[in-house]
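Undergrad: what follows is a protein structure lacking sequence information:
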């Protein structure tokens, strides 16, 4: 079954470029292109699996559009993958708090965009690798109590444990070693700069082997 995708961006050439990339994939289909408020209406009507959401759009920006979607009105709320040209921490935090499942920069290679859409469609969380260290640092240093994004509560116990290992700075290979089982898929994950960075593990850390 193909992944239904809605592209929300105010620039026609950007939407056209994304459509060309995604339509070339056998398991993806673009069901609509829109911007701002139009994206909210189209999402509620077409119920895509994934929304590629630009942040800076006129009338209604991507953050407000994402909040509106998660505030209600959709029978099945889609996964939102935020795309932006600007690598700004406040955009990342606001997007995740609004309910987005992931955050990527628009200049990522096509193969990373495609892999990111597949990951988000399968329920995984996704962050561009350059953002992850800053996000973890902010989480550690910020003592304010904030509400986690809605998707955070959907994580299973195993996924919380894997996230803890990621927060400790372990690589995918180290996580696999920390877990006494073969490497499989894990979530959430961060995107690296090469295809090999997508390899992850879905196992539970071994109680007999701990790292300092």
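TA: Cool, got the structure. The structure displayed is predicted, hence computed values, not measured ones. Numbers count the residues shown, from 1 in each chain.

Undergrad: elements contacting the one helix or strand residue 96 maps to?
TA: Element membership of residue 96 [criterion: DSSP states H and E] is helix 89-98. Counting by 3 or more Cβ pairs under 8 Å, 6 or more residues apart in numbering; DSSP states H and E, the packing neighbours recorded for helix 89-98 are helix 62-71, strand 79-84, strand 102-105, helix 132-141. Any C-beta I mention is one placed from the backbone N, CA and C, and that applies to glycine too.

Undergrad: need the contact partners of the second one.
TA: The contact list for strand 79-84, computed with Cβ atoms under 8 Å, 6 or more residues apart in numbering, reads 9, 49-56, 62, 66, 69, 91, 95, 98-106, 116-117, 120-121, 123, 126.

Undergrad: and if you look at the first one?
TA: Where contact means Cβ under 8 Å, 6+ apart, the residues beyond helix 62-71 that reach it are 8, 36-37, 39-40, 43-44, 51, 53-57, 60, 77-78, 80, 82, 84, 91, 94-95, 98-100, 150.

Undergrad: buried ones among those residues?
TA: 8, 36, 39-40, 43-44, 51, 53-55, 57, 60, 77-78, 80, 82, 84, 91, 94-95, 98-100 (16 or more other Cβ atoms under 10 Å).

Undergrad: break down this protein into its helices, ranges please.
TA: 12-23, 36-46, 62-71, 89-98, 110-121, 132-141, 157-167, 172-178 (DSSP state H).

Undergrad: report the buried residues of the fifth one.
TA: Of the residues in helix 110-121, those with enough neighbours to count as buried (16+ other Cβ under 10 Å) are 112-121.
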